[in-house]
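Colleague: Fold the following.
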Amino acid sequence: MMKWRNQLLALSCLLVFFAFGVLYFRHWVVQKPFGIILFIGAGLDPARLAAARVQAAAPDAPLAIDSLPYSALLSTYGRGSTTPDQAAAASALATGVRIRSGAIGVNANGKKVVNLLELARKNGRMTGLVTNALLTDPTPASFYAHTSTGDDRHELARELVEDVDLDVVLGGGAADFLPSKKEGRRSDEKNLLLHLRSSGFELVQNLDELEAVPRWRAAKLFGIFAPAELAFADEEPPTDQPRLSDLVRRSIELLQFNSGGYVLVVDAGLMRKAAQDGNSERVLLETIELDRAVSVALEYAGAKSTILVCGDVVGAQQDRGSAGPALESGAAAAARVLSTPSLNDVQEQNPSPPAQASPSLPADSGSRFEENAPDVPSDVIAFGTGLGADALHGTLASTAIFEIIRDNL
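Modeller: This next block holds a predicted model:
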């Protein structure tokens, strides 16, 4: 009888100890997400999402982004500018510091500012960088480079290959890494892709090679899939060229190998390229491509990961506009949401009465705004799910994205 009593007492003590441990862990131990994924979509704002829903299906059909429970507006003003350029806007996300336009990853004194992927590496996480545009574009470069002249693609490519410690890098822009005799555009005639191989990176250049990389191996992987940007969503891509969702899926599978977790940055760069070209319908198709990649991340990253989706900057250089007077269906309605000028825009460009302003949608409206419209500040939007994402509420500075990720490394 005494023996059973002692055993019951021991079991009771064990259960109490276990319950206390669970309670302590849940309420006093700071929990961190295993994976952190940041998606960046140029000019992502409420009007863009509303138009993308129309383009994808119907105005009441939710996107994958709509399933993320937390959201906030982000103000994007720059250092000494209400509308920062791409480099300054992305650097605010990457470093938490507002810098002058044209610079990447350096402060006003030209000193290097640590970025999120560098912080992640110091915290024992694997790191990845993905884009469907050029790896030397200012947005992805803001997560690896430190330079006062962010338009030198040759130097950015060299820095990425020779000075940066990332685990997975996938994107386009092979010409920036190759000499002219190899159909590249490097004036120094360096073949940086050969340097990568000699440095221990596995180089892949098509979808089949990307899919063949074993997911169980701690990869040092560099994927470069086109001389310039990857194919747009409305173009027929080469049969062996990956889409953004392929790049995201494979990155997550490879980065999850690390027991210390990972940080992955995804630049939906073709959204930006389409906006710069003034192609409103293509902008929406690329927004839908971003949404597909977010859906893949939600599926593959798991419940213990944090996923953030945000815009970087909306300005006159991109796709300013406001919703048209009536809701239509299909591509025409979606394009009108992005491209129809607001009343103020029309009055600024034509002082005649509004009734005389043409309501038509010129094919080059995006270019017209880019050339003639003044810089106008505009908020972008951010969504998130997972640990730390509840900090997204109200209106925040764009630097809050850096702070949220930094605090959860």
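
Colleague: Is residue 86 in contact with residue 138, as I believe?
Modeller: Yes: with contact defined as C-beta atoms under 8 Å, residue 86 and residue 138 form a contacting pair (4.4 Å). Bear in mind the C-beta positions are built from the backbone N, C-alpha and C, glycine included.

Colleague: Can you give the contact residues for the helix or strand hosting residue 384?
Modeller: For residue 384, the host element (DSSP states H and E) is strand 380-385. Surrounding strand 380-385, the residues in contact under the criterion C-beta atoms under 8 Å, 6 or more residues apart in numbering are 43-46, 49, 65, 67-74, 76, 298, 306-314, 392, 396, 398, 401, 404.

Colleague: Spit out the contact partners of residue 248.
Modeller: By C-beta under 8 Å, 6+ apart, the neighbours of residue 248 are 37, 130, 264, 266, 293, 296, 297, 300.

Colleague: Quick check: the gap between it and residue 400.
Modeller: Spatial separation of residue 248 from residue 400 under the definition C-beta to C-beta, to the nearest Å is 23 Å.

Colleague: residue boundaries of the strands in the stretch 101-250 of the chain?
Modeller: Listed in chain order, the strands found in the stretch 101-250 of the chain under DSSP state E, counting those that start in this stretch are 126-134, 168-172, 202-204, 221-224.

Colleague: Those: which one's closest to residue 386?
Modeller: Checking these against residue 386 by C-beta to C-beta gives strand 126-134 as the closest, at 17.0 Å.

Colleague: and the angle from the closest one to strand 168-172?
Modeller: Computed with axes from the mean of the first three to the mean of the last three C-alpha atoms, to 10 degrees, the direction of strand 126-134 lies at 0 degrees from that of strand 168-172.

Colleague: Quick check: which helices or strands does strand 126-134 pack against?
Modeller: With contacts defined as 3 or more C-beta pairs under 8 Å, 6 or more residues apart in numbering; DSSP states H and E, strand 126-134 has these neighbours: helix 116-122, helix 138-141, strand 168-172, helix 244-255, strand 262-268, helix 269-276.

Colleague: For residue 232, find the nearest of those.
Modeller: Judged by C-beta to C-beta, the one of these that comes nearest to residue 232 is helix 269-276, at 5.8 Å.

Colleague: re earlier: with neighbour count and pLDDT as new columns, can the contacts of residue 248 be given to me in a markdown table?
Modeller: As requested, the contacts of residue 248 are arranged in a markdown table below (neighbours: other C-beta atoms under 10 Å; pLDDT from 0 to 100):
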| residue | neighbour count | pLDDT |
| --- | --- | --- |
| 37 | 29 | 98 |
| 130 | 28 | 98 |
| 264 | 29 | 98 |
| 266 | 27 | 98 |
| 293 | 26 | 98 |
| 296 | 20 | 98 |
| 297 | 25 | 98 |
| 300 | 17 | 97 |
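
Colleague: Would you mind listing where this structure has pLDDT under the threshold?
Modeller: Filtered on pLDDT under 70, the chain yields the residue ranges 1-7, 10, 16-30, 78-82, 218-219, 237, 314-377.

Colleague: please redo it, this time with the cut-off set to 50
Modeller: 24-25, 27, 315-330, 333, 336-337, 340-374 (pLDDT under 50).

Colleague: Which of the contacts of strand 380-385 are buried? Put it as a PyMOL command.
Modeller: The following PyMOL command selects only the buried members of the contacts of strand 380-385, with burial defined by 16 or more other C-beta atoms under 10 Å:
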select buried, resi 43+44+45+49+65+68+70+71+72+73+74+76+298+306+307+308+309+310+311+312+313+314+392+396+398+401+404
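
Colleague: Mind checking which of the contacts of strand 380-385 are in strands?
Modeller: Using DSSP state E, the members of the contacts of strand 380-385 that fall in strands are 70, 71, 72, 73, 74, 306, 307, 308, 309, 310, 311, 396.

Colleague: Pull up the gap between the fourth one and residue 12, please.
Modeller: Read it as residue 73. Distance of residue 73 to residue 12, computed by C-beta to C-beta: 53 Å.

Colleague: re the thing from before, do you know which of the strands of the stretch 101-250 of the chain lies nearest residue 184?
Modeller: So among the strands of the stretch 101-250 of the chain, strand 221-224 is nearest, using C-beta to C-beta, at 10.9 Å.
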